[in-house]
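1. attaching a predicted model along with its sequence, questions to come.
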Amino acid sequence: MYNSRIRSCLERVEKDRRDLRRLPKRASDEDSINGSLYSVRLKSELDRLRATSNPSQIDTTKLHCLPYILAVDQLETTNHQSYQLIDILLKQEEELKSKIAKEKSLNGQLSQLNGLLNGRFETIGSLTRSQSPRNILNELEKKKEASEKSNKILLLQLKQLLNNQVLETITTDDDPDLKSLRSELRRTVETLLNEMFEQSSTGYVHIADMDSPIIHFLLSGDLITLHPDDPSYIRLRDFGK
């Protein structure tokens, strides 16, 4: 009877140890189940009981302590796993906080953009409500006519310039320098006109010598404009394609 009691206790302890081995644990952890202090004590007691052939040599006090050692070992394992879970939850909390901060920043930018769009819609709505579509169309047609009229005037002035009607006022003799200036002026204006009517072109032409008297003459006559980013590029003023 005594041997059966020992056998039953050993079987229960072995079963509990097998259950403990199924618990998740980190292989690199120094405090894992097989390496814990209580597990070492438990293994030592089990090995000693297996090696004992005479029941009278077994210390019943230690035998009764085996379940308690196993319980402490289980508590230690559970406590270790709890700390692991807390670490994981803390990392997830930090990640969620970072995501929330990014979403708040994006939400603020979207709200600002939404406000600008709403303001733009209100402005357009007030303009359309204050004027009928017919009036808006009439104003656009007037602006178009004024632009076409201005372009015709400028084209006429350039035509006169190319026909030497303007240059005749500044060249009354056959001075070679004046002839050179007249030729340079003609080439510059023709280049600007050709560039202006080129498809997919901005109309700007690069000028190597911005100190040329021809460039000063065109600027003083308000016939050309400078590029806003690079003043070495010029184009004819107020001409469409």
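-> Ah, there it is.

2. what's the mean pLDDT across the lengthiest helix in the chain?
-> For the chain, the helix that runs over the most residues, judged by DSSP state H, is helix 60-130. Confidence over helix 60-130 (mean pLDDT, whole number) is 82.

3. ditto for stretch 143-159
-> Per-residue scores along stretch 143-159 average to 71.

4. quickly list the domain ranges of this protein.
-> The record's domain parsing of the chain by automatic domain parsing lists 2-103, 146-236.

5. tally of neighbours for the closest residue to Ser212 other than its chain neighbours?
-> Distances taken as CB to CB, 6 or more residues apart in numbering place Glu184 nearest to Ser212, at 7.2 Å, with adjacent residues excluded. Backbone N, C-alpha and C define where each C-beta goes, glycine included. A count of neighbours around Glu184, defined by other CB atoms under 10 Å, yields 15.

6. pretty sure Glu184 contacts Leu218?
-> No - counting by CB atoms under 8 Å, Glu184 does not reach Leu218; the two are 10.9 Å apart.

7. does Thr225 count as helix, strand or coil?
-> strand (DSSP: H, G, I helix; E, B strand; the rest coil).

8. give me the beta-bridge partners of it?
-> Listed beta-bridge partners, Thr225: Arg235 (assigned using DSSP bridges).

9. tell me how far it lies from Glu95.
-> 55 Å (CB to CB, to the nearest Å).

10. likewise for Arg186?
-> 71 Å.

11. check which helix or strand Glu190 maps to.
-> Using DSSP states H and E, Glu190 maps to helix 176-196.

12. now for that helix, which elements pack on it?
-> Using 3 or more CB pairs under 8 Å, 6 or more residues apart in numbering; DSSP states H and E, the elements in contact with helix 176-196 are helix 133-162, strand 205-206, helix 213-220, strand 233-236.

13. CA atoms only: put that helix into CSV for me.
-> Output of helix 176-196 as CSV, limited to C-alpha atoms (Å, rounded to 0.1, in the frame of the first residue of the first chain):
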residue,chain,number,x,y,z
PRO,A,176,27.7,100.5,-89.9
ASP,A,177,27.0,100.5,-86.1
LEU,A,178,23.4,101.5,-86.6
LYS,A,179,23.0,99.0,-89.4
SER,A,180,24.3,96.3,-87.1
LEU,A,181,21.9,97.4,-84.3
ARG,A,182,19.0,97.3,-86.8
SER,A,183,19.9,93.8,-87.9
GLU,A,184,20.3,92.6,-84.3
LEU,A,185,16.9,94.1,-83.5
ARG,A,186,15.2,92.4,-86.4
ARG,A,187,16.8,89.0,-85.5
THR,A,188,15.8,89.4,-81.8
VAL,A,189,12.2,90.2,-82.6
GLU,A,190,11.8,87.5,-85.2
THR,A,191,13.3,84.9,-82.7
LEU,A,192,10.8,86.0,-80.0
LEU,A,193,7.9,85.8,-82.5
ASN,A,194,8.9,82.3,-83.7
GLU,A,195,9.3,81.1,-80.1
MET,A,196,6.0,82.6,-79.1
